[in-house]
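> Need coordinates for the below:
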Amino acid sequence: MLPPIATIIDNFSILDEGPDRYEYLIELGRALPPFPEDLLTEENRVHGCESQVWVESRLDPAEAPPRLHLRGTSDSVITKGLIALVMALHDGKTPEEIGKVDVFKVFKEIGLGAHLTSKRSNGVRSMAERIHRDAARLAA
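So this is what the prediction gives:
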């Protein structure tokens, strides 16, 4: 189970630059819940990522107000960690709250922004944009 985003941010703040941060990122990826094979569909695939990435978004109308819940996976351990971070920033929020999330601001705050390759940055952007689009579509 993923820790809350505040805990993740606190944990990053005490880690040294470089390898420790990547190890923690990989650990976060391992904490993602299993992603069902039947959800490994083209509909759930996130385009624009160097690795294979799948994200499932669902709105829970039983919650008041309705909140978006996410699941995701990748074929890359580092990318799974990035998915975990993106999920922790968005999961359980209302579509309106999701529209205000700035992934790169948080990545910069925790010291990851400068360490991501341009391909990984593009993948994170694609994941965040996908979640924002899903939130808007499901809220409509």
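> Hmm, Leu70 and Phe35 touching each other?
No: between Phe35 and Leu70 there is no contact under CB atoms under 8 Å: 10.6 Å. Just so you know, the C-beta spots here come from the backbone N, C-alpha and C atoms, and that holds for glycine as well.
> okay, those two: which has more neighbours?
Leu70 (23 against 18; other CB atoms under 10 Å).
> And the more buried one, which helix or strand is it part of?
strand 67-74 (DSSP states H and E).
> Name the residues that touch that strand?
Applying CB atoms under 8 Å, 6 or more residues apart in numbering, the contact partners of strand 67-74 are 29, 32-33, 35, 39-40, 49, 51-60, 80, 82-83, 86-87, 90-95, 98, 127, 131, 134-135, 138.
> Listing partners with orientation, what would you give for that strand?
If you go by DSSP bridges, strand 67-74 pairs up with strand 53-60 (antiparallel).
> Give the closest residue to the most centrally placed residue in the chain in space, chain neighbours not counted.
Centroid-nearest residue in the chain, with CA atoms, centre = their mean: Val86, separated by 2.0 Å. Of all residues not flanking Val86 in the chain, Met127 sits nearest, at 4.9 Å (CB to CB, 6 or more residues apart in numbering).
> if we can go back for a sec, which residues are in contact with each of Phe35 and Leu70?
Residues touching both Phe35 and Leu70 by CB under 8 Å, 6+ apart: Glu56.
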